[in-house]
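> sharing a model prediction with you, sequence too.
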Amino acid sequence: RAELADAAAAATALRPDATAVSGWRSAAVDLEAQSAAPEFWDDAAAAQSALSELAALKRNVARLEEWDAALDDAGAALEGLAEARGDAADAEFYAEAADEALAALRASLDAYEVDRALDGPYDACACRLEIASGAGGLDAQDWTAMLARMSALRRPPCRVASVGGRVSTRLDPRLAAAASIRLD
């Protein structure tokens, strides 16, 4: 019960206020209505932007509904566990169900925190990472090669960049040679 209380407190702390959620729902309905209009695709860039916004709104609402469902499932499983005092099989079933619901809720809360941390105006934009040793000699070249390996430039996709569906591409070895990076 303490874990459920902690998870519920975390979900409550992260949950946007009811006005924001209501705004998401109404904005999603409005965007769906706009997308049904025949002239919607006349401006392809605006249409794509509207559909991206619609997807984000639906994802936010679905995430909150997922939290509510996981909390309800965990609560129901704990109630079942309390009622199954004498039956070991039932107790085990309800304990597993509560653990699964709480694990799903924690994973969703963690994903939301990452999304919230990366929701700045430039976080959805592409970036370019260049590692160059410059005129530092062999020590600088070795250090640059270590950074390149840590960034997984040797074997794409980049481990860091692949989190959350991001994509990386390998640096052209000819450009790497010009920058004094050995990618062999």
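Looks like it arrived, so ask away.
> so A107: helix, strand or coil?
Secondary structure assignment for A107 (DSSP: H, G, I helix; E, B strand; the rest coil): helix.
> gap between A76 and K58?
Noted for A76: a distance of 26 Å to K58, by C-beta to C-beta, to the nearest Å. C-beta here means a position set from N, CA and C on the backbone, and glycine is covered the same way.
> and if you look at S35?
12 Å.
> and stretch 138-146, how far from the chain's centre?
In terms of C-alpha atoms, centre = their mean, to the nearest Å, the gap separating the centre of stretch 138-146 from the centre of its chain is 33 Å.
> just the CA trace of it, in CSV.
Provided in CSV are the C-alpha atoms of stretch 138-146 (Å, rounded to 0.1, in the frame of the first residue of the first chain):
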residue,chain,number,x,y,z
LEU,A,138,48.7,12.4,-30.8
ASP,A,139,47.3,13.0,-27.3
ALA,A,140,44.5,15.1,-28.7
GLN,A,141,43.9,12.5,-31.5
ASP,A,142,43.6,9.8,-28.9
TRP,A,143,41.3,11.8,-26.8
THR,A,144,39.1,12.6,-29.8
ALA,A,145,39.0,8.9,-30.7
MET,A,146,37.9,8.1,-27.2
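> give the buried residues for it.
141, 144-145 (16 or more other C-beta atoms under 10 Å).
> return the member of the residues you listed nearest to A20.
Minimum distance to A20 across the buried residues of stretch 138-146 is 45.7 Å, recorded for T144 (C-beta to C-beta).
> now for the helix or strand harbouring the closest one, which elements pack on it?
When elements are assigned from DSSP states H and E, T144 belongs to helix 137-150. The contact analysis (3 or more C-beta pairs under 8 Å, 6 or more residues apart in numbering; DSSP states H and E) places helix 137-150 against no helix or strand.
> now it: mean pLDDT?
Mean pLDDT, helix 137-150: 78.
> check the protein for its longest helix and report it.
helix 44-83 (DSSP state H).
> to the chain's geometric centre, what's the distance from that helix?
Distance, centroid of helix 44-83 to centroid of chain: 13 Å (C-alpha atoms, centre = their mean).
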